[in-house]
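Peer 1: Predicted model and sequence below, questions to follow.
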Amino acid sequence: MGVLEELPDDTGSCPQCSKVATTKCTGCKQVYYCNRDCQRKHWKLHKPECKALPYKICHSDELGNFLVASRKIKAGEVVFTDSPLVVGPSAITLPVCLACYTPVDGSYLCPKSGWPLCGPTCAKKVENSPEVVIPAQCDAKFEIEEYSEPCYLYECVTILRALVLQKAAPNKFKSLMSMQSHIEERRGTEIWERTKERVVDVMKKTLGIMVFEALCPEYDFSDETIQRIQGIMDTNKKEIRLSYSDIEALYPVACLIEHSCQPNVKLNYGKHFQLSVIAGRDIEEGEHIAIMYTHALWGTIARRDHLNITKKFWCQCGRCSDPAEFGTNFSTIYDEGHPMLPANSLDADSDWVCQKTGKTKSAYEVKVMLSEIGKELETIQLNGSIDDIERFIETKSKVLHPNHYHMVTAKHNLLQMYGRTEGFLIQDMTEEQLNRKIELCKENLDVLYKLDPNMIRLEVYAAAAYFELHLPLLQISKRKWETGKLSTEDFRVEIEEPYRCVKKSIELLKEEGNELLPEGQLLLQAKDTLAQLEGFMKTVGCQM
C-alpha cells in the first residue's frame, strides 16, 4: 500500500518555552506560540518586533481582512515573504508533468497511477503525492487520450492535494480552511454544479476517493468540503505563469492582499515558489497594500468582468474610473474615425459615446464587437504569420485606437516575431523592417510606462520590449560600420544605445529568482547577451 507524503506543517518553536507551537501571533503571523499564557509573557519582547513590521492586518465589513502599511515602506523593500500551503497545476491545462509542470505527450506514464510524467526522476518526486497514491491504492484506472487539448482530470489535482493536508499538515489545512470561500453565494449556482460534475464526481468515480475514504475514514472527503476548497481556490489562489504552463498556489498571508488595477507591490517567486512581496513604489503609512488580480494588459470592460465572475466584486479603482485609462486610450474604439468611450466606465451597461458626434453604441454591442476581435486575434496568435498580424493591425485600425489593448497585444507579439521568424531573421531583415521593429518596441514601451510608471505589474513586458529593441539598433549600426558608412569612433557611440537597452531589461528583472518563469528565462537570456555584447564592444575599442 502506498503512503501519503507527510508535509512540513505550519509550526514553529515557541520563543517563551521552546516547545513546538502551532498558533501564530495574529498581528504579524510570523511568530508561533503554544498557548495564550506564553504569548502574554513574551509580549514585551515581541511587541517592538511585531510593531516594526511594515504591515498590519485590518478588517472591514466591505473588504474582510486586508493589509495596511504600518509605516512608510520604501520602493524595493521586501514587505514580507510567504510559503505556499498548496501548489498544483492550473485547473485548465494541457496534460503536464505533476512534478515539474512541463507539458507531456504520454510517452512516459507513472508506473503506479498512469499519470503522464517527464520520466523516472519526476515519478520519484510524486510517488507519495495523493493524486498518485490514491488511484494506485484504489485500483482506479484512467487514460488521457488527447494531449493537444486541456484535460479535465487536472481540475482535481490541487483540490486533492489540499484535502490530504487534513492529516499530512493539519495546521496548513486549518489555515487554508479559514480563507474566504463564498460558499453560500456559490451554492445552487452553475459553478456549484460544474464543480460537482468536474471535480467531486471525477474524484469519486475516476480517481478513487470513495474507496480511499472507506479505507481511511479519518479524512473528510465530503461534497461540502470539496466545494468549500474549490471556492477557496477560486477566491484566493495566485496564478503563476511558468515558461510552458501555468500553476496555482495558496498563500496564507498573501491571500489577504486586496486588488487594485494600480497595485503598489509586486510579487516575485523563488525556486520553490516561495513568494516575496516587494514594494513597487514608496507606500505611505496607512495606505492599503494592493496587487492586481487580473491581467494588466486587458481593457477596463475585460478586467472588471473577469473580477466580477472570478472574485465576486466590481473594481472601482482609479484606472477603472478613468474611461481613457490614464490617457492611453487603452479601451478606446473608433466610429468612422472618431473616438468612442463609455459614458461611465464603472457602469457595465453604460452606453459608449462618440467624443465628436455624440453618437452612441450600447455596451452589449461594444462587448460583442470586442469579443469577436479578441477571438480573431487569439487565432492569429496561435497560427498567424507576421503578415497576418500586420494585416490585423491595419484592418482593425478603423475600429480600434492604436493603443487599444487588442492592438497593443498584437504589436507586442509582432515586435517579438520580427527578427526571430523564418524569412524575417534579424540578419536578413531590410532596413525598413528593422525600423518597423524599432517603432513597435518604442510604441509598446510608451503605453506600458503610461499604464504602469513604476513598472510594478508590467516589468516583464517592458523588459521584453527593451531586449527586442537592442537587436535592430545593433543591426543597423553594424551594417553601416561594416559598409564604411560609419566610422569606428561613431560606431562605438552608437552601440551604447543597444547596450543600454539590454542593461535596462536586466534591471527590470533583477529581482526574479525562478528560472522556470518566463521572467527568469528572459533574465538569463539578457545576461548572456550582455556578456557577449560587452565582449564585442571591447574588441572595437569601447571603454567598459
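Peer 2: Here it is on my side, so go on. The model shown is predicted, which means the values in this text are computed figures rather than measured ones.
Peer 1: neighbours of the nearest residue to residue 268 once chain neighbours are set aside, just the number please.
Peer 2: With sequence-adjacent residues excluded and distances taken as Cβ to Cβ, 6 or more residues apart in numbering, residue 268 is closest to residue 276, at 4.6 Å. For glycine as for every other residue, the C-beta is placed from the backbone atoms N, C-alpha and C. For residue 276, the neighbour count with other Cβ atoms under 10 Å is 18.
Peer 1: distance of residue 276 from residue 346?
Peer 2: Counting by Cβ to Cβ, to the nearest Å, the gap between residue 276 and residue 346 amounts to 33 Å.
Peer 1: What residues sit buried inside the helix or strand hosting residue 436?
Peer 2: According to DSSP states H and E, residue 436 maps onto helix 431-451. Neighbour counts over helix 431-451 (16 or more other Cβ atoms under 10 Å) mark 433-434, 436-438, 440-441, 443-445, 447-448, 451 as buried.
Peer 1: Please tell me I have it right and the residue nearest to residue 268 contacts residue 253.
Peer 2: No - Residue 276 is not in contact with residue 253 according to Cβ atoms under 8 Å; the separation is 11.7 Å.
Peer 1: could I get the helix or strand harbouring residue 461 in PDB with only the CA atoms?
Peer 2: Here residue 461 sits within helix 459-482, counting by DSSP H and E. C-alpha atoms of helix 459-482 as PDB (Å, rounded to 0.1, in the frame of the first residue of the first chain):
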ATOM      1  CA  GLU A 459       8.000  45.000 -16.000                       C
ATOM      2  CA  VAL A 460       8.300  41.700 -17.900                       C
ATOM      3  CA  TYR A 461       6.600  43.200 -21.000                       C
ATOM      4  CA  ALA A 462       8.800  46.300 -20.800                       C
ATOM      5  CA  ALA A 463      11.900  44.100 -20.300                       C
ATOM      6  CA  ALA A 464      11.000  42.100 -23.400                       C
ATOM      7  CA  ALA A 465      10.500  45.300 -25.400                       C
ATOM      8  CA  TYR A 466      13.800  46.700 -24.300                       C
ATOM      9  CA  PHE A 467      15.600  43.400 -25.100                       C
ATOM     10  CA  GLU A 468      14.000  43.200 -28.500                       C
ATOM     11  CA  LEU A 469      14.800  46.900 -29.200                       C
ATOM     12  CA  HIS A 470      18.500  46.300 -28.900                       C
ATOM     13  CA  LEU A 471      18.500  43.900 -31.900                       C
ATOM     14  CA  PRO A 472      17.500  46.200 -34.700                       C
ATOM     15  CA  LEU A 473      19.500  49.100 -33.200                       C
ATOM     16  CA  LEU A 474      22.700  47.000 -33.100                       C
ATOM     17  CA  GLN A 475      22.000  45.500 -36.600                       C
ATOM     18  CA  ILE A 476      21.600  48.900 -38.300                       C
ATOM     19  CA  SER A 477      24.700  50.300 -36.700                       C
ATOM     20  CA  LYS A 478      26.800  47.200 -37.600                       C
ATOM     21  CA  ARG A 479      25.700  47.300 -41.200                       C
ATOM     22  CA  LYS A 480      26.700  51.000 -41.500                       C
ATOM     23  CA  TRP A 481      30.000  50.300 -39.800                       C
ATOM     24  CA  GLU A 482      30.800  47.200 -41.900                       C
END
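Peer 1: Now whichever helix or strand comes after that helix: buried residues?
Peer 2: The C-terminal neighbour of helix 459-482 among helices and strands, as given by DSSP H and E, is helix 488-494. Buried residues in helix 488-494, counting neighbours by 16+ other Cβ under 10 Å, are found at 491, 492, 494.
Peer 1: residues touching the last one, list them.
Peer 2: So the one you mean is residue 494. Shown in contact with residue 494 (Cβ atoms under 8 Å, 6 or more residues apart in numbering): 473, 477, 480, 486.
Peer 1: Please pick the buried ones from the residues you listed.
Peer 2: Using 16+ other Cβ under 10 Å as the burial test, the contacts of residue 494 include 473, 477, 480, 486 as buried.
Peer 1: Quickly note the distance from the third one to residue 218.
Peer 2: For residue 480, the distance to residue 218 equals 75 Å [Cβ to Cβ].
Peer 1: cool, the last one as well?
Peer 2: In this structure, residue 486 and residue 218 are separated by 76 Å, where distance is defined by Cβ to Cβ.
Peer 1: try the first one
Peer 2: In this structure, residue 473 and residue 218 are 64 Å apart, going by Cβ to Cβ.
Peer 1: go on, residue 67?
Peer 2: 35 Å.
Peer 1: Residue 240 too?
Peer 2: Using Cβ to Cβ, residue 240 is found at 32 Å from residue 218.
Peer 1: which of those two has more neighbours?
Peer 2: residue 240 (21 against 7).
Peer 1: Let's verify the more buried one: helix, strand, or coil?
Peer 2: strand (DSSP: H, G, I helix; E, B strand; the rest coil).
Peer 1: which residues touch it?
Peer 2: Applying Cβ under 8 Å, 6+ apart, the residues near residue 240 are 246, 247, 248, 249, 269, 273, 517.
Peer 1: Need the nearest residue in space to the first one, chain neighbours excluded.
Peer 2: Going back to what we said before, that points to residue 246. In this structure, residue 246 finds its nearest non-sequential neighbour in residue 90, 4.0 Å apart by Cβ to Cβ, 6+ apart.
Peer 1: For burial, what's the neighbour tally of that neighbour?
Peer 2: What residue 90 shows, counting by other Cβ under 10 Å, is a neighbour count of 22.
Peer 1: what do you get for residue 283?
Peer 2: Residue 283, neighbours per other Cβ under 10 Å, totals 24.
Peer 1: Find the nearest non-adjacent residue to it, please.
Peer 2: residue 73 (4.2 Å).
Peer 1: wait, what's in contact with that neighbour?
Peer 2: Each residue near residue 73 by Cβ under 8 Å, 6+ apart is listed here: 54, 55, 79, 279, 282, 283.
Peer 1: Let me know the pLDDT of it.
Peer 2: For residue 73, the pLDDT comes out at 97.
Peer 1: cool, and the one 3 residues further on?
Peer 2: Per-residue confidence for residue 76 comes out at a pLDDT of 95.
Peer 1: was I right about it contacting residue 281?
Peer 2: No - using Cβ under 8 Å, residue 76 is not in contact with residue 281, being 9.2 Å away.
Peer 1: who has more neighbours, those two?
Peer 2: residue 281 (17 against 13).
Peer 1: Against residue 208, how distant is that one?
Peer 2: 50 Å.
Peer 1: Mind picking the one among the contacts of residue 494 that's closest to residue 371?
Peer 2: residue 473 (37.6 Å; Cβ to Cβ).
Peer 1: Could you tell me how many residues sit around the closest residue to the closest one other than its chain neighbours?
Peer 2: The shortest distance from residue 473 to any non-neighbouring residue, by Cβ to Cβ, 6+ apart, is to residue 498 (4.2 Å). Residues lying near residue 498 (other Cβ under 10 Å) number 24.
Peer 1: Quickly find the element holding residue 498.
Peer 2: In this assignment (DSSP H and E), residue 498 forms part of helix 496-508.
Peer 1: go on, residue 377?
Peer 2: helix 363-383.
Peer 1: Which residue ranges of the stretch 1-150 of the chain form strands?
Peer 2: Assigned by DSSP state E, counting those that start in this stretch, the stretch 1-150 of the chain shows strands spanning 12-13, 20-21, 23-24, 32-33, 55-60, 64-69, 78-82, 86-89.
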